[in-house]
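[1] what follows is a protein structure lacking sequence information:
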């Protein structure tokens, strides 16, 4: 059985956006990823969100991993408000 990887939303692929979001997490303690509350870096918030989303899949007779595999990869999404603020700060309105 192959393990499922989380997929990042397209906005989280951009290195400049990632760097600014990571700065906000580390310096200002903001939550910039949906379901990433408590993470102290962008990567940590992404891992927390992935675990929380996959964990929510395990409340049936199937294991969370089996269900995640049958339903496809978990999509890690940014907080839209924070993403818009970052794009504005980077001059990408």
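    Cool, got the structure. Model, not experiment: these values are computed from the prediction. Residues are numbered from 1 along each chain as shown.
[2] identify each buried residue in the helix or strand hosting residue 16, please.
    Secondary structure from DSSP states H and E places residue 16 in helix 15-28. Buried positions in helix 15-28, judged by neighbour count with 16 or more other CB atoms under 10 Å: 17, 18, 20, 21, 22, 24, 25. Any C-beta I mention is one placed from the backbone N, CA and C, and that applies to glycine too.
[3] what are the ranges of the strands in this protein?
    7-8, 75-76 (DSSP state E).
[4] re earlier: check which helices and strands the helix holding residue 16 sits against.
    Packing partners of helix 15-28 (3 or more CB pairs under 8 Å, 6 or more residues apart in numbering; DSSP states H and E): helix 42-55, helix 80-89.
[5] tilt between that helix and helix 80-89?
    Helix 15-28 runs at 110 degrees relative to helix 80-89, counting by axes from the mean of the first three to the mean of the last three CA atoms, to 10 degrees.
[6] who touches helix 15-28?
    Identification of contacts with helix 15-28 by CB atoms under 8 Å, 6 or more residues apart in numbering yields 11-12, 30-32, 39-45, 78, 82-83, 86-87, 89-90.
[7] check stretch 29-48 too.
    Residues contacting stretch 29-48 (CB under 8 Å, 6+ apart): 6, 8, 12, 18, 21-22, 24-26, 49, 52-53, 76-79, 82-83.
[8] make it 7 Å
    Applying CB atoms under 7 Å, 6 or more residues apart in numbering, the contact partners of stretch 29-48 are 6, 18, 21-22, 24-26, 49, 52-53, 76-79, 82.
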